[in-house]
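K.L.:
Got a sequence here, can you model it:
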Amino acid sequence: MSEKVTKEMSIIDIVQQHPESLEVFAKYGMGCIGCAAAKFENLEAGAKVHGFDPDEMVAEINAIIG
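P.N.:
Next comes the predicted model:
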């Protein structure tokens, strides 16, 4: 079983470890790949910049990678 994603993880790490998470980022309109911020911004910061609840996103990603 893979380890759970947390909102403290960088966006790029989440996507590299769990490519299926792109589905969730896309749903929220966050085309994170190719965005310079994805390399150093964690999921929480990215979600807040876009006006989304980071806890909700983490729950959705973890449900997919389950």
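
K.L.:
Quick one: the helices in the chain, in order.
P.N.:
Shown for the chain, the helices assigned by DSSP state H span residues 11-17, 22-27, 43-49, 54-65.

K.L.:
Buried ones in the shortest one, by neighbour count?
P.N.:
This points to helix 22-27. Buried residues in helix 22-27, defined by neighbour count with 16 or more other Cβ atoms under 10 Å: 22, 24-25. The way it works is simple: take the backbone N, C-alpha and C, and place the C-beta from them, glycine included.

K.L.:
Just give me the closest of the residues you listed to Ile65.
P.N.:
Nearest to Ile65, judged by Cβ to Cβ, of the buried residues of helix 22-27 is Val24 at 9.7 Å.

K.L.:
Low-confidence regions, the chain specifically.
P.N.:
Counting by pLDDT under 70, the chain has low-confidence residues at 1-2, 32-34.

K.L.:
let's go with 90 and repeat that
P.N.:
1-3, 29-41, 46, 49-50, 66 (pLDDT under 90).
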